[in-house]
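# kindly generate the corresponding structure for this input.
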Amino acid sequence: MKVINYILGIVLISYLVLLGYLYLGIGQKDTYPAKPISIVIHSKPGSAIDFMARKVAEIARKHSDAAFVVENRSGTQGLVAMQHVLDMKADGYTLLGVTKSFLSTVMVNKSKVSLNDFLFIANMVSDPEALISNNERGFKSLDDIIRDSQREEKQIWIGPGTGSRDHIMALKTWETLGVDANWIDYKSGPQSILAMLRDESAVYVGNPADTKGKSNLDIISIASEKRLSSLPNVPTFMEQGYDLNESMWRGFAFKKGVPEKAVVYITDVLQKVVNDKEWEEYCNETYVFSNFEKQDEFTNRIAQETEETIFYLNKAGLLVTYVKESPIHLLLVLIIILSIIFLLILSVNKFKIGNITYDQLLAAGIFGFSGFFFYQTLLFDIPETANITSPTLIPRIWIITLAILSIILFFRSKASTSKKENHSPKIVLIIILFLFAYLISMQWVGYFFTTPIFILATMYLLKYRKVPIMGIVAFGFVLFSYLIFNKLLNIDLPMGWWFV
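A predicted model of the protein is given here:
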């Protein structure tokens, strides 16, 4: 037997052992934890939740043999991170850093991700909302803000996000103080702070830590039951005669279905973290209250605040349907568009199907789908009162770009003098379709099953017939991917929805 066949046998056996280890737990220790625990964060490094997670990971080293690794997955205000955790196996090795902002995110974005998909195991801190102003305004109390709001010109209040926790805090404050003001979304905290440093608004709604190192910004009040020990001179709403408590909590959650031993273990470690002297120093440094809440208490808090969030988002007109129903079924729209384009191609080629080239079909397909997606953007219905960037902007930029490129491709194909193509359009189309099937099926079946099948099928379509080499490449690539991503980078490849 040739050496190449021995290599194939070793690779194939290693691949089967890997499947048994991943999907059947063969060879895995029964003790928990047996490997590093990932903490998935929805924002970029340096954010408040990122800083908290890294501090937890640092202190946890004193109280756990397992390593805690912070993994940043930013995008769509947290939905990318949430979906990533849901795609992982519920084995207790993937934690999600959660904040109060998630309550608004899942509602406003109308995502398939639900808070009910998670097990909220522990709250760590409460970061009180604060009203901040430029000291050139001369505001010293809430009453000063109220008096200023009684001028003829409406006050401008700013903060990051429409429908965000800061926006909701502004709505609650206006209701409590009897203030009539306008909210302007500055998209991010740093942009809002820069605007305040330029004195572009009366009030910035944020958190006390936003003023750190900025001597010309004053905290007028914090929405908590007591003063922060690190900011003893900053009064609360209650002390100024107004009943308002509003804080940004930050904690951790698992995907539902994790083993109970994982919940118990992680909760115990987090309890030890908040009892650590280093944690107290962190809270004082970042102007937050240490507020440890276990699973039941934390879950009840989220349920109550979800109802309140719905009320204020409705009040702001943000829980509306932004997409109109199409008068024609979308599939019928696609068929009509593609049919019209195909008839146009036939007419250009004098109604001779044999004259149609592969490039013309490809260009027509791209142009047709561009038109279909453009039609869908016409269904977006954004209320004039909603101060948000139109969701049609970016899709239309890409649609127009694709349409222009497809037109260029069509006319270049028409002008080509080549009578015989050196490639088979049929094989190319099959590979493209197979790629789509691979990407879709990976979500259901998992990377480790679908990848070798895709590689083998692609090599076969490209008329490669050396079976030992095909097997070594297909199954060896999966083993290599596992070593690089799962072991070296601590990034879990998709196991498939059927298995997690």
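# can you pull out the residues in contact with the host helix or strand of Val17?
In this assignment (DSSP states H and E), Val17 forms part of helix 3-19. For helix 3-19, contacts defined as C-beta atoms under 8 Å, 6 or more residues apart in numbering pick out 26-27, 448-449, 452, 468-469, 471-472, 475-476, 478-479, 482. The C-beta positions use only the backbone N, C-alpha and C, and glycine is treated the same way.
# how far off centre is it?
Remark: helix 3-19 is offset 38 Å from the chain centroid, using C-alpha atoms, centre = their mean, to the nearest Å.
# next: stretch 136-152.
Relative to its parent chain, stretch 136-152 has a centroid offset of 38 Å by C-alpha atoms, centre = their mean.
# residues making contact with it?
By C-beta under 8 Å, 6+ apart, the surrounding residues in contact with stretch 136-152 are 131, 133, 155, 177-181, 199, 202-203, 216, 218, 220-221, 235, 237, 240-242.
# follow-up on the earlier one: please identify the buried residues of the helix holding Val17?
8, 11-12, 15, 18 (16 or more other C-beta atoms under 10 Å).
# for this structure, which spans come out with low pLDDT?
When residues are selected by pLDDT under 70, those of the chain lie in 1, 26-30, 110, 318-324, 381-391, 414-426, 428, 489-491, 500.
# pick out the residue nearest the middle of it.
Of all residues in the chain, the one closest to the mean position by C-alpha atoms, centre = their mean is Val80, 2.2 Å from it.
# for that residue, which residues are in contact?
If you count contacts by C-beta under 8 Å, 6+ apart, Val80 has them with 42, 73-74.
# name the element it belongs to?
Taking DSSP H and E as the definition, one finds Val80 inside helix 79-87.
# from the chain's centroid, how far away is the lengthiest helix in the chain?
Once the chain is assigned using DSSP state H, the helix that runs over the most residues is helix 393-415. Using C-alpha atoms, centre = their mean, we find the averaged C-alpha position of helix 393-415 to lie 30 Å away from the chain's own average C-alpha position.
# now it: buried residues?
Neighbour-count burial for helix 393-415 flags 396, 399, 402-403, 406, 409-410, 413 (criterion: 16+ other C-beta under 10 Å).
# need the longest strand for the protein.
strand 118-128 (DSSP state E).
# domain ranges for the protein?
Structural domains annotated on the chain: 1-27+424-500, 31-127+249-315, 130-245, 320-422, as defined by automatic domain parsing.
# ok, which stretches of the stretch 101-250 of the chain are strands?
Listed in chain order, the strands found in the stretch 101-250 of the chain under DSSP state E, counting those that start in this stretch are 118-128, 130-134, 155-159, 181-185, 203-206, 217-222, 247-255.
# indicate which one of those strands is closest to Lys35.
Go through the strands of the stretch 101-250 of the chain one by one with C-beta to C-beta and the one that ends up closest to Lys35 is strand 247-255, at 15.5 Å.
# what's in contact with whichever helix or strand comes after the closest one?
On the C-terminal side of strand 247-255, the closest following helix or strand by DSSP H and E is helix 260-274. Applying C-beta under 8 Å, 6+ apart, the external contacts of helix 260-274 come out as 32-33, 37, 56, 59-60, 62-64, 91-93, 95, 119, 121-122, 124, 252, 254, 279, 290, 292, 294-295.
# how does it look with 6 Å?
Residues external to helix 260-274 that are found in contact with it (C-beta atoms under 6 Å, 6 or more residues apart in numbering): 32, 56, 59-60, 63-64, 92, 121-122, 279, 290, 292.
# same check, this time on stretch 457-472
Residues from elsewhere that reach stretch 457-472, judged by C-beta under 6 Å, 6+ apart: 4-5, 7-8, 11, 427, 431, 456.
# how about a cut-off of 8 Å?
Among residues not part of stretch 457-472, those counted as contacts by C-beta under 8 Å, 6+ apart are 2, 4-5, 7-8, 11-12, 427, 430-431, 434, 455-456, 473-474.
# do the same with stretch 184-204
Residues external to stretch 184-204 that are found in contact with it (C-beta under 8 Å, 6+ apart): 131-134, 136-137, 139, 145, 148-149, 155-162, 167, 170, 181, 206, 210, 214, 216-217, 220, 387-388.
# buried subset of those residues?
Looking at the contacts of stretch 184-204 with 16+ other C-beta under 10 Å, the buried ones turn out to be 131-134, 137, 139, 145, 148-149, 155, 157-162, 167, 170, 181, 206, 210, 217, 220.
# quick one on the thing from earlier: next SSE downstream of the helix holding Val17?
Elements were assigned by DSSP H and E; along the chain past helix 3-19, the next helix or strand is strand 37-41.
# can you point out the buried residues in the next helix or strand after that following strand?
Proceeding C-terminally, strand 37-41 gives way to helix 48-60 as the next helix or strand, assigned by DSSP H and E. Along helix 48-60, these residues count as buried under the neighbour rule (16+ other C-beta under 10 Å): 48-57, 59-60.
# what helices and strands are in contact with helix 48-60?
With contacts defined as 3 or more C-beta pairs under 8 Å, 6 or more residues apart in numbering; DSSP states H and E, helix 48-60 has these neighbours: strand 37-41, strand 68-72, strand 94-99, strand 118-128, strand 247-255, helix 260-274, helix 277-286.
# for the ones you listed, which one sits closest to Ala316?
Once the helices and strands packed on helix 48-60 are compared by C-beta to C-beta, strand 247-255 is nearest, at 18.0 Å.
# so Ile345 is in which element?
Secondary structure here is read from DSSP H and E; on that basis Ile345 sits in helix 330-348.
# buried residues, that helix. List them.
By neighbour count on 16+ other C-beta under 10 Å, the buried set for helix 330-348 is 333-334, 337-338, 341-342, 345.
# and if you look at stretch 352-370?
By neighbour count with 16+ other C-beta under 10 Å, stretch 352-370 contains the buried residues 356-357, 359-364, 366-370.
# now it: how far from the chain's centre is it?
Going by C-alpha atoms, centre = their mean, the spacing between the C-alpha centre of stretch 352-370 and its chain's C-alpha centre is 36 Å.
# one step back: of the helices and strands packed on helix 48-60, which is nearest Leu86?
From the helices and strands packed on helix 48-60, taking C-beta to C-beta, the stretch that ends up closest is strand 247-255, at 5.7 Å.
# output that closest one as PDB, nothing but the C-alphas.
C-alpha atoms of strand 247-255 as PDB (Å, rounded to 0.1, in the frame of the first residue of the first chain):
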ATOM      1  CA  SER A 247     -29.100  52.800  36.200                       C
ATOM      2  CA  MET A 248     -27.300  50.800  33.500                       C
ATOM      3  CA  TRP A 249     -26.700  47.300  34.800                       C
ATOM      4  CA  ARG A 250     -24.000  45.100  33.400                       C
ATOM      5  CA  GLY A 251     -23.800  41.400  34.000                       C
ATOM      6  CA  PHE A 252     -23.500  38.000  32.400                       C
ATOM      7  CA  ALA A 253     -25.800  35.400  30.700                       C
ATOM      8  CA  PHE A 254     -25.500  31.900  29.300                       C
ATOM      9  CA  LYS A 255     -27.500  30.500  26.400                       C
END
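# by contact count, what packs against that strand?
Packed against strand 247-255 by the contact rule (3+ C-beta pairs under 8 Å, 6+ apart) you find helix 48-60, helix 79-87, strand 94-99, strand 118-128, helix 260-274, strand 289-294.
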